[in-house]
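S.K.: How does the following fold in three dimensions:
(chains A, B, C and D, ligands or ions: 2)
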Amino acid sequence: MKAIVKVQLKSGVLDPQGRAITGALQALGYEEVIDVRQGKIIELDLQGTDHALAKQRVSAMCGELLANTVIEQFSVDIID
Amino acid sequence: MKAIVKVQLKSGVLDPQGRAITGALQALGYEEVIDVRQGKIIELDLQGTDHALAKQRVSAMCGELLANTVIEQFSVDIID
Amino acid sequence: MSEGVEITAEIIAEHGLNPEEYNILLQQLGRTPNLNELGICSVMWSEHCSYKSSRIHLAKFPTTGKKVICGPGENAGVIDIGDGDAVIFKMESHNHPSFIEPYQGAATGVGGIMRDVFTMGARPIALLNALRFGEPGHYKTRSLVAGVVAGIGGYGNCVGVPTVGGEINFDAGYNGNILVNAMCVGLAKTDSIFYSAAKGVGNSILYVGARTGRDGIHGATMASAEFDDDAEEKRPTVQVGDPFTEKRLIEACLELMATGNIIAIQDMGAAGLTSSSIEMADKGGVGIEIDLDRVPQRENNMSAYEMMLSESQERMLIVLKPGTEAESRKIFTKWELDVDIIGKTTDTGRLVLQHQGEMVCDLPIAPLSDMAPKYDRPWVKTAKAPRLDAGTLPQRDPIDVLCRLMASPDMVSKRWVWEQYDRHVMGDTLMASASGCDAAIVRIRDSEKALAISSDCTPRYVQADPYRGGKQAVAESWRNLIAAGAKPIAITDCLNFGNPERPEIMGQLVQAIEGMSKACKKLSYPVVSGNVSLYNETKGSAIPPTPTVGGVGIIKDISMAIGFSSARQGDMLVLVGRTRGWLGSSIYAREIENLIGHRPPPVSLSTELQNGKFVRKAIKKSLLRAVHDLSDGGLACAAVDMAMASNVGIVLDPHSTLPDNAWYFGEDQARYLLSIDAANYNKLQQLSVKKGVLLSYVGEVKGDDIRLGSARIRLSDLQIKWEQWFPEFMEKIDANAGK
Amino acid sequence: MRVAVIVFPGSNCDRDAADAILQVTGRWPKMVWHREAELNNIDLVVLPGGFAYGDYLRPGAIAAQSPIMQQVLKHARDGGYVLGICNGFQVLTEIGLLPGVLMPNSGMKFVCKPVKLKVENCDTSFTKGYKNKASINIPIAHHDGNYLVQDDELSQLEDNGQVAFRYETNPNGSVNDIAGIINSQGNVLGMMPHPERAMGKTDENKDGEILFKSLMEALQ
Ligand SMILES: Nc1ncnc2c1ncn2[C@@H]1O[C@H](COP(=O)(O)OP(=O)(O)O)[C@@H](O)[C@H]1O
Ligand SMILES: [Mg+2]
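M.R.: Ligands and ions are numbered 1, 2, ... in the order given. Sure, this is the predicted structure:
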């Protein structure tokens, strides 16, 4: 079983990385780029088969460690 | 129009971050965690409406800047 | 698996073994090797591991001396600095990986050289790096600079060892093959230095550090493709460094070293498990048996071949004293590192590997090392370069020239680079990049002593005249340490050259080594460690020959450390050494007149020695306020360095007979610029007479302009040009840091 | 003054911090491994600089989960002093002893250089020895020192005088040029610059020593 966790900055939080990338892409001639936000995608290999339980446990992991909920939001998907 | 780019280490490439996170989660009592891989998710706001063109341009951005294709692989999704 | 693979001529060739080499292997074995054995031999006999093209020439280096505890041959060189303290250091190249993947290539270069040093029992205390990139206008240069610098900082900063110095040059000759040479200096106790000879039979072999993956398995794409259908998945990959693991490995190894449990220890560098196990066994005259199933593995279904050839980073092999296994393992477990006993020493003299219940390799160790090929490759002398007659060059406004030189890529401020390096962690750095000293100065903890460390080479000179250039690199290194107030002790080196199978390249290597040896002997400045990197070429064009010299000197009393940032208004400027106005192969000739390849400045080692001793004496007698050695850009550029570092104006008088360009910008050797309190002039003068050293008054410290004769520029204007170039050059990529 | 320096795997300024403590107090502090669960009889806890857990995931995030941090929390809640330097500051925000977060520098590069700080509040146990609004030299060396905090918390910090140090020239994009903050009780300080690197040992600058001396006096 796998969990796919996406951790992204909450909207409104300034993203220095995203900003730097926006600037760089525009400088490279990709002028269609308006804005960039960078986040993390964390893939977990998990023991067990119970999706509901996994979702609950992984959400707890996010709250405890994987995301800094002061500035970040997360989503969890469980797949096989 | 938005592009969602996922950048992940190619399989077989050492992921030190993933290893450290695995260890930390296990230490927190999440013993079901077997392995963790960390990647990036980059969301781009784009001008224009042509999905096919956007996909092509964003793929080029990945090759040029967003991904390090020696060790990373990427995928691009265009959404509205 | 691998045993089933038939050893064809094609496979042999793909492993880089020529037919004679393969025949030696056949004779030693008395049978056809299997693929594992072939792979192991091929890496052991590779240029990188066997030094087959350079070995007979490296033997020319002087490698002993009163202070040398251990010369070349171990993981790093060891010198005695008194009071039971030893300094362990080495330099190594990571050129090719850094070109392929600059961040990881440079990072793993730093990691690798640190392991060579702490393997021997030293705590790493300083890092340096010598970098050569292609011309700034080349399309790859900018991103290579950005990646390499970030990689060096990313690794060293995280491990927590200060990066204190280095050099950066740009030259079209490196467009297709950059150089990344990393140096590490460590501190140990003379009575607890660790070597790699595995002694005794039946002793446990401990594997510690990161797990083994399919990283950097060279020259064997084909072979690994045979193993499995999903060959794509298993394609050899670039090694990724993990400084966090390195940091823990350092602490854990030092902790284990303190227990006295270790018989031998060796890092897994190039050719990983293969070379570490074979070298340890060979040095100790024992055999080794390894159970590959016990090797901590990162990936599934790794073959014996892959495990033996993997270059995964941050791994060590340790032979333990009997009965200490449990205690030793505990240390690594505490540091959250992978650890296992993977085998033992034997009395068979053979390397025996077991994998999944089968014996997959059985090779005699000593013959493999003894029979390693050693070539006396044909070489030709580099044609004598023509002299450049300074008299034929046009006269130019010296200030204009000065501005152009100080704003040329090789001469500009490298602040953009070194501000990304933690130069002060560990709390012992006195002077580092930009602190206005010819060498970095790092204090020996809890003592009055300090080390001076520098990295030097002038490829322009070596290219035009490898012998003279080799001599010069050593002389400049020695001079830089003198100018920091140190007594030069010993060097490490990194010899970067093209394809040695071409006689003209081999000639560069041989002559450079001979020039370096000559200088090392005369200056009592032995070579205690080093590295050779050959085949640095792309599409048949070789890099400029670049024998980088890493010098280490000792400052007995830290209050004697000096640099060029302490010149004061009203000081007199005096020049040590003779100026003939040598412009051949100078920065002036290249940047201003577009002339390259002329005969570089002569290097008189006896003058070098004499002048150096004089400067040392003057420093000891506290006669000097500031010292700077003269190198690229000659007198005027050295004076500007001093002016900028001390934040003072400087006036240099023109020469009575030499043309301005030759006087201000000539690169004659064995010279130093001194700033002194006028009250000390007489004493200094007397000392110079006694030592037979030429001393001339050349100007004074005054105002806030740089004045060359009647021409002048504001120091601050010049400084802006000097500081601006790098950030402006990097700006475009600067925004790319998100990569 | 009884001092503990916490050592996480990857801490690399732990020894430097201990040296500073030794210089000021004459005693080598207790070095406490992060797995230890006890923190008894300690007046000051120092969370040193470095790269605990390689700064992987987020700087300070994994370290904040170490067993010892529960003790540090308790120590702080009981009024004990805590000083977080650089990585230590990042750990303090991750565990919530100080508000806000430290984002990557706006220049997206590691920056190691001397910087000038303005002492914004010298009425704290950490800063008593400085003159108000004094300009001091303390070096920085970090990749993630770009301080960010929600608007309401920012006004609170500012209004309560919890901004201890401000950069004179902002090197990393920090909001309001903030270089170091203190909690509302005044017993927890987090700062990105390294006072332990300004102890007058490798150059003349002793501006960092004043901070340690202030603490020592407060704890006498
Ligand atoms: N790659 C580098 N890493 C660290 N410091 C560097 C690097 N390149 C240059 N420097 C520093 O910049 C300063 C000037 O370098 P350079 O002009 O090469 O010195 P020199 O003229 O004495 O050979 C030195 O302090 C050197 O250590
Ligand atoms: Mg020099």
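
S.K.: hey, where'd the strands end up in chain D?
M.R.: D:3-7, D:30-33, D:44-47, D:81-85, D:101-103, D:111-119, D:135-142, D:146-148, D:163-167, D:178-182, D:188-191 (DSSP state E).

S.K.: Could I get the pLDDT score of residue 55?
M.R.: If you meant another chain, say so; for now it's chain A. Predicted confidence (pLDDT) for A:K55: 97.

S.K.: My question was about chain C, not that one.
M.R.: 94.

S.K.: ok, it - contacts?
M.R.: With contact set as CB atoms under 8 Å, 6 or more residues apart in numbering or on different chains, C:R55 has these partners: C:K374. The C-beta positions use only the backbone N, C-alpha and C, and glycine is treated the same way.

S.K.: what's it sitting at in phi/psi?
M.R.: Main-chain dihedrals, C:R55, degrees, to the nearest 10: phi -50, psi -50.

S.K.: now swap in the one 5 residues further on and tell me
M.R.: Note on C:K60: its backbone torsions stand at phi -80, psi -20 [degrees, to the nearest 10].

S.K.: Could you report the neighbour count for it?
M.R.: The number of residues packed near C:K60 is 16, by other CB atoms under 10 Å in any protein chain shown.

S.K.: Test my guess that D:T127 contacts D:N121.
M.R.: Yes: look at D:T127 against D:N121 with CB atoms under 8 Å: they come within range, at 6.3 Å.

S.K.: just to revisit the earlier point, and of the strands of chain D, who's closest to A:L9?
M.R.: strand D:101-103 (9.0 Å; CB to CB).

S.K.: does whichever residue of the stretch 401-550 of chain C sits closest to chain A count as helix, strand or coil?
M.R.: Residue of the stretch 401-550 of chain C nearest chain A, by CB to the nearest CB: C:Q420 (15.0 Å). Secondary structure, DSSP: H, G, I helix; E, B strand; the rest coil: C:Q420 is coil.

S.K.: before we move on, the earlier item: and for D:T127 and D:N121, which residues touch both?
M.R.: Common neighbours of D:T127 and D:N121 are listed as D:A164 (criterion: CB under 8 Å, 6+ apart).

S.K.: Just give me the neighbour total for the closest residue to D:A37 other than its chain neighbours.
M.R.: Excluding its sequence neighbours, the residue lying closest to D:A37 (CB to CB, 6 or more residues apart in numbering or on different chains) is D:P67, at 5.1 Å. Neighbours of D:P67 under the rule other CB under 10 Å: 13.

S.K.: Just to check, the residue of the stretch 401-550 of chain C closest to chain A is in contact with D:V111?
M.R.: Yes: under the criterion of CB under 8 Å, C:Q420 makes contact with D:V111 at 7.2 Å.

S.K.: who has more neighbours, those two?
M.R.: Each of C:Q420 and D:V111 has its neighbours counted (other CB under 10 Å); C:Q420 has more, 23 against 18.

S.K.: biggest strand in chain A, by residue count?
M.R.: Ranked by number of residues, the top strand in chain A under DSSP E is strand A:33-46.

S.K.: which parts of that strand are buried?
M.R.: By neighbour count with 16 or more other CB atoms under 10 Å in any protein chain shown, strand A:33-46 contains the buried residues A:V33, A:V36, A:R37, A:Q38, A:G39, A:K40, A:I41, A:I42, A:E43, A:L44, A:L46.

S.K.: Could you dump those residues into JSON lines with distance to ligand 2 and pLDDT added?
M.R.: As requested, the buried residues of strand A:33-46 are exported to JSON lines (distance: CB to the ion, whole Å; pLDDT from 0 to 100):
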{"residue": "A:V33", "distance to ligand 2": "45", "pLDDT": "97"}
{"residue": "A:V36", "distance to ligand 2": "43", "pLDDT": "96"}
{"residue": "A:R37", "distance to ligand 2": "46", "pLDDT": "95"}
{"residue": "A:Q38", "distance to ligand 2": "42", "pLDDT": "95"}
{"residue": "A:G39", "distance to ligand 2": "46", "pLDDT": "96"}
{"residue": "A:K40", "distance to ligand 2": "45", "pLDDT": "97"}
{"residue": "A:I41", "distance to ligand 2": "48", "pLDDT": "97"}
{"residue": "A:I42", "distance to ligand 2": "48", "pLDDT": "98"}
{"residue": "A:E43", "distance to ligand 2": "50", "pLDDT": "97"}
{"residue": "A:L44", "distance to ligand 2": "52", "pLDDT": "98"}
{"residue": "A:L46", "distance to ligand 2": "57", "pLDDT": "97"}
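
S.K.: now the strands of chain D as CSV including mean pLDDT and distance to chain C?
M.R.: Compiled in CSV, the strands of chain D are given as follows (pLDDT from 0 to 100; distance: least, CB to the nearest CB, whole Å):
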stretch, mean pLDDT, distance to chain C
strand D:3-7, 97, 9
strand D:30-33, 97, 8
strand D:44-47, 98, 14
strand D:81-85, 98, 12
strand D:101-103, 96, 13
strand D:111-119, 97, 5
strand D:135-142, 98, 5
strand D:146-148, 97, 13
strand D:163-167, 98, 15
strand D:178-182, 98, 17
strand D:188-191, 98, 16
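
S.K.: Switch the ones you listed over to a markdown table; also include distance to C:M371.
M.R.: What follows is the strands of chain D, written out as a markdown table (distance: least, CB to CB, whole Å):
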| stretch | distance to C:M371 |
| --- | --- |
| strand D:3-7 | 49 |
| strand D:30-33 | 49 |
| strand D:44-47 | 56 |
| strand D:81-85 | 56 |
| strand D:101-103 | 58 |
| strand D:111-119 | 49 |
| strand D:135-142 | 50 |
| strand D:146-148 | 59 |
| strand D:163-167 | 64 |
| strand D:178-182 | 63 |
| strand D:188-191 | 61 |
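
S.K.: List the contacts of residue 30.
M.R.: By default, I'm working from chain A. Neighbouring residues of A:Y30 by CB under 8 Å, 6+ apart: B:R57, B:M61.

S.K.: My question was about chain D, not that one.
M.R.: Applying CB under 8 Å, 6+ apart, one finds that D:K30 lies in contact with D:R2, D:V3, D:A4, D:V5, D:I42.
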